[in-house]
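Undergrad: coordinates only, no sequence provided:
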DNA sequence: GTCTATATGCGGATAGAC
DNA sequence: GTCTATCCGCATATAGAC
């Protein structure tokens, strides 16, 4: 059954890539974990790298679609006014964590894989990853800019980078922390709420003095 | 000259590990970049992994020492009162970025390597990395706890995770962004200030409702 | 679509001359 | 301390039978 094989490979690859990283996960590891033949990966995907791209797309697309849906709704009901910053942050962070909450036991490495995508260092791979985020980046940056009119565009961009950093680091390590550290037990929902509080406050931080008064003039 | 060879290897390894990641950087890459013989790595360090540990220590130790120094001074001059949150954040973020500002052209990959350390996924390697942060973690968590007495310890720990995330992601990507994105030009100093503003506001965010009222009772 | 067998290359590590 | 030559294993990928 071809479809089944393909799915099994995608699932196993997601788990192992998340856990160990892309370069150190061999196709033998993947096919063994998936219970399929070694040659199946090249037959179905063409190469190891093409498999990675497929896994990334499968993982990211629904999440990013949900993000845009939520942002669409927020903007549709705001009556032309800027959407509150915290709501934008929530629309950005909810989708990945929601899936974590729901199918935690089903797909335990989903979140970690998502976090790993943001930290991938290989130049070529990274280029293929970030193009998946082009629309997200534009839409959310624009929304943040409207909700934070006192900030210059540059400032918004850097704060979005900080936000993504706190998110991806949390996605990468939250499960290990919960699994090993008894003192820091929290439900996924609580972690998400804590992260939203942190990130929203960060986005809404007072306008930095230096950036306002020293660098003046050119706005974009 | 042995010492020189050792230094050259450490420098080249730092650059390449930062740029491409540990697993995909071969010893041949390193020795070629350093202009030394292939066998020199094993002679001086014993193995590729031991070399990585050496690079990590060389990179992290001065940074963490500076962090503790700054925190010591803050606490010594606070007269027993809690140190303001923003000052603690500053003591944590200043040292790595300061080195970036100073020797930017000298050691252009220093910051990226530092960021990569926090994102490393391999279990064994990560264990060796985080033990370098034990003291830092304890001291800064305690300081934050004193400056934010309304937060439960769990909450402080998670917020520190968010803080580290925004920091490491910024360290990993700041240079690429500055190098490629004309619209988001900023001096290292400005980026540091922006990050401090963001992180301090996040740490000082209002106590989350759910964590306060739903999870009650046990504090550690 | 699935499998076995294999081509081909690169990886870390080391033996032993200098 | 430094270098050459080499061992040996594992990686991806594919050819070709079923």
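TA: Yep, it's here. For clarity, every value in this text was computed on a predicted model and none was experimentally measured. Numbering: from 1, shown residues only, chains lettered A, B, ... in the order given.

Undergrad: any weak-confidence spans in chain A?
TA: Scanning chain A for pLDDT under 70 picks out A:1-2, A:103-105, A:209-220.

Undergrad: residue A:122 reaches residue B:24, doesn't it?
TA: Yes - proximity of residue A:122 to residue B:24 meets the contact threshold set by CB atoms under 8 Å, at 6.7 Å. Placement of C-beta: from N, CA and C, glycine included.

Undergrad: what is in contact with those two at once?
TA: Listed contacts common to residue A:122 and residue B:24 are residue A:23; contacts here mean CB atoms under 8 Å, 6 or more residues apart in numbering or on different chains.

Undergrad: ok, which stretches of chain A are strands?
TA: Using DSSP state E, no strands are assigned anywhere in chain A.

Undergrad: tell me the contacts of the residue most central in space within chain A?
TA: Centrality entry for chain A: nearest residue to the mean C-alpha point is residue A:114, 5.1 Å, by CA atoms, centre = their mean. By CB under 8 Å, 6+ apart, residue A:114 lies in contact with A:59-60, A:63, A:96, A:168, A:171.

Undergrad: distance to chain B added to those residues, as a markdown table?
TA: As requested, the contacts of residue A:114 are exported to a markdown table (distance: CB to the nearest CB, whole Å):
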| residue | distance to chain B |
| --- | --- |
| A:59 | 16 |
| A:60 | 17 |
| A:63 | 18 |
| A:96 | 14 |
| A:168 | 6 |
| A:171 | 9 |
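
Undergrad: from the residues you listed, which single one is nearest DNA strand C?
TA: Nearest to DNA strand C out of the contacts of residue A:114 is residue A:59 (CB to the nearest atom of the strand; 21.9 Å).

Undergrad: correct me if wrong: that closest one contacts residue A:14.
TA: Yes - with contact defined as CB under 8 Å, residue A:59 and residue A:14 form a contacting pair (6.5 Å).

Undergrad: which residues do those two both contact?
TA: A:110, A:113.

Undergrad: re earlier: just the buried residues from the contacts of residue A:114, in PyMOL please.
TA: Here is the PyMOL command that selects the buried residues among these (16 or more other CB atoms under 10 Å in any protein chain shown):
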select buried, chain A and resi 59+60+63+96+168+171
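
Undergrad: how much space separates the residue nearest to the centre of chain A from residue A:26?
TA: Between residue A:114 and residue A:26 the computed distance is 22 Å (CB to CB, to the nearest Å).

Undergrad: the helices in chain A, which residues?
TA: Assigned helices in chain A, in chain order: A:2-20, A:27-34, A:40-45, A:48-76, A:85-102, A:110-119, A:123-130, A:134-147, A:153-180, A:188-203, A:209-213 (criterion: DSSP state H).

Undergrad: so which of those helices gets nearest residue B:70?
TA: Proximity to residue B:70 (CB to CB) singles out helix A:209-213 among those, at 19.6 Å.

Undergrad: how about a markdown table for the contacts of residue A:114, with distance to residue A:30 added?
TA: Putting the contacts of residue A:114 into a markdown table (distance: CB to CB, whole Å) gives the following:
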| residue | distance to residue A:30 |
| --- | --- |
| A:59 | 15 |
| A:60 | 19 |
| A:63 | 22 |
| A:96 | 23 |
| A:168 | 23 |
| A:171 | 22 |
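
Undergrad: out of the contacts of residue A:114, which is nearest to residue B:18?
TA: Proximity of those to residue B:18 (CB to CB) peaks at residue A:168, which lies at 18.0 Å.

Undergrad: can you tell me the closest non-neighbouring residue to that closest one?
TA: residue A:118 (3.6 Å; CB to CB, 6 or more residues apart in numbering or on different chains).

Undergrad: residues near the one you found, how many?
TA: By other CB atoms under 10 Å in any protein chain shown, 22 other residues sit near residue A:118.

Undergrad: show me the contacts for residue A:12.
TA: Counting by CB under 8 Å, 6+ apart, residue A:12 makes contact with A:30-31, A:33-34.
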